[in-house]
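# Sharing a model that was predicted from the sequence below.
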Amino acid sequence: MNRDLGLLFASRALRSFAQGYMAVIIPMYIAILGYGAVELGILSAVSSIVSATLALSVGVLADRFGRKLFMILISLMMGISGLVFAASHAFVVIALAAALGTFGGGGGAGRGGAWGPFYPAAQALLAEHSLALERTAVFGVLSFVGVMAGALGSLAAYLPQWLQAGAGFTLLQGYQALFLLTSAIGVAMALVVIPMRETRTVPEAVPVRSKPSSNAKPAAGMRWGLSPQTWKIVARFMVTNTVNGFAIGMVGPFLVYWFYRRYGATAGQLGSLLFVINLVSALPFLAAGRLALRFGSVTIVVFTRLIGCAILAAMALMPNFWLAAVMYALRTVFNTLSVPVRQSYLMGVIEPSERASAAGFSNSPSQVGTALSPFLAGYLMEHVWLGLPLEGGAVLQTINALLYWLFFRDLRPPEELALDELQAVEPSPIASEPGI
């Protein structure tokens, strides 16, 4: 732990707190205003397209002009988005506000809230301030912090009902109060990032595991901030993340809406559910680093994803709210444990000077997939079967897990290679610890 990691954790906590209640109230807000699943799909798609464009731009530019700068700018955009949400009920304006603040995806339980489109910059900064052997553990602690903040944020979804019952507010005025809070949080995120330090590096066209020359200069082979060697790795991440993005777009924006339509759940019930799920899924994040070193990052990602897919498919068939809620909690625990492992793994196999660019290109296809599939999911939910998008998401994430194994099973991050060499000399203290 150091000061810069602390600032990154604080920024994550603020964003996660806001995402915790926004994931609940936006679908409910859309429904109360008289819009349906199709409009919710459009809102999610527009938000995802803008988020993908911004994330790619931040990834390419942050390595050159500074990662901290873009974290500040995107935080301020989130603040403006909250003001726009509070000022208008028109769907077009709401969709634009969701795009500006990259809200509208929903289904954020266990994820600790999204970083937003500045995540490529934040991901690179987090890796910069972490030791290689501790990097996955640091990403796990970051997810733990985010999930706990998201849990508290999900309880804030009660605020509109409390204001309606105790202060004479209308329900819409209660939602507007939360949107104004979101605006203030966006400004606070920008202020938290300002003191952070970063090391400016020049990207070099060298192999990932080669030692950069001290006097090396940018090579002609660099394309969009990435060397040819890095592009080979990033291309595989882009394929797997595209499939995952389609799955997220089928499920994420509609989970709250599905509970609302399927079981008549209220915002208070859903806020409580997300609070409990966040608490349940938080502790496994603290074990992410040790699990990745013990079993391998790729193995952990594939194993947990496949279990999560099976549970999601079963969840759509549950006959009542509480059984579906239990299945949702179990699915979230397994599905989200791989999040810090995947994030750290990408940073581990990429040259440090190219990390933000690699993160931008790797994650953007996921946003594109998330933007396209809600149109289909909304139509299927309205006209075919309410649970069909959940089943489709389970199938797509199963494909994602299989592709991840196919592409990366032989690509080990440096810390795992170093641990293998250490184990060849003497038994690993990590592998021999009781209970690991």
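Sure, I can see it. Bear in mind the structure is a predicted one, so any value in this text is a computation, not a measurement.
# next helix or strand past the helix or strand that contains residue 177?
Assessed by DSSP states H and E, residue 177 sits inside helix 171-193. Using DSSP H and E, the helix or strand that directly follows helix 171-193 along the chain is helix 228-251.
# Contact partners for the residue nearest to residue 161 when sequence neighbours are not counted?
Excluding the flanking residues, the one nearest residue 161 by Cβ to Cβ, 6 or more residues apart in numbering is residue 268, at 5.6 Å. Backbone N, C-alpha and C define where each C-beta goes, glycine included. For residue 268, the contact set (Cβ atoms under 8 Å, 6 or more residues apart in numbering) comprises 157-158, 161.
# for residue 140, same thing?
Contact partners of residue 140, counting by Cβ under 8 Å, 6+ apart, are 285-289, 340-341.
# next one: residue 20
When contacts are counted by Cβ under 8 Å, 6+ apart, residue 20 is found next to 108, 113, 149-157, 274, 278.
# Tell me which of the residues you listed fall in helices.
If you go by DSSP state H, those have 149-155, 274, 278 in helices.
# How far does stretch 302-320 sit from its chain's centre?
With Cα atoms, centre = their mean, to the nearest Å as the basis, stretch 302-320 stands 19 Å off its chain's centre.
# What separation do you get for residue 319 and residue 262?
Using Cβ to Cβ, to the nearest Å, we find residue 319 at a distance of 10 Å from residue 262.
# ok, these two, which is more surrounded?
Neighbours per residue, other Cβ atoms under 10 Å: of residue 319 and residue 262, the larger number sits with residue 262, 16 against 8.
# And the furthest pair within the ones in helices among the contacts of residue 20?
Longest distance between any two of the ones in helices among the contacts of residue 20 is 12.3 Å, between 149 and 274; criterion Cβ to Cβ.
# isn't residue 11 right next to residue 193, touching?
Yes. Shown here, residue 11 and residue 193 form a contact pair, counting by Cβ atoms under 8 Å, at 5.7 Å.
# Could you name every residue contacting both of these two?
In terms of Cβ under 8 Å, 6+ apart, residue 11 and residue 193 are both contacted by the residues 71, 75.
# one step back: out of the contacts of residue 268, which are inside strands?
Using DSSP state E, no member of the contacts of residue 268 falls within strands.
# which of those lies closest to residue 309?
The nearest member of the contacts of residue 268 to residue 309, counting by Cβ to Cβ, is residue 157 at 27.4 Å.
# Nearest spatial neighbour of that closest one, chain-adjacent residues omitted?
Excluding the flanking residues, the one nearest residue 157 by Cβ to Cβ, 6+ apart is residue 271, at 3.4 Å.
# buried residues in the helix or strand where that neighbour lies?
Assigned by DSSP H and E, residue 271 belongs to helix 267-286. Using 16 or more other Cβ atoms under 10 Å as the burial criterion, the residues of helix 267-286 that qualify are 267, 269-278, 280-282, 284-285.
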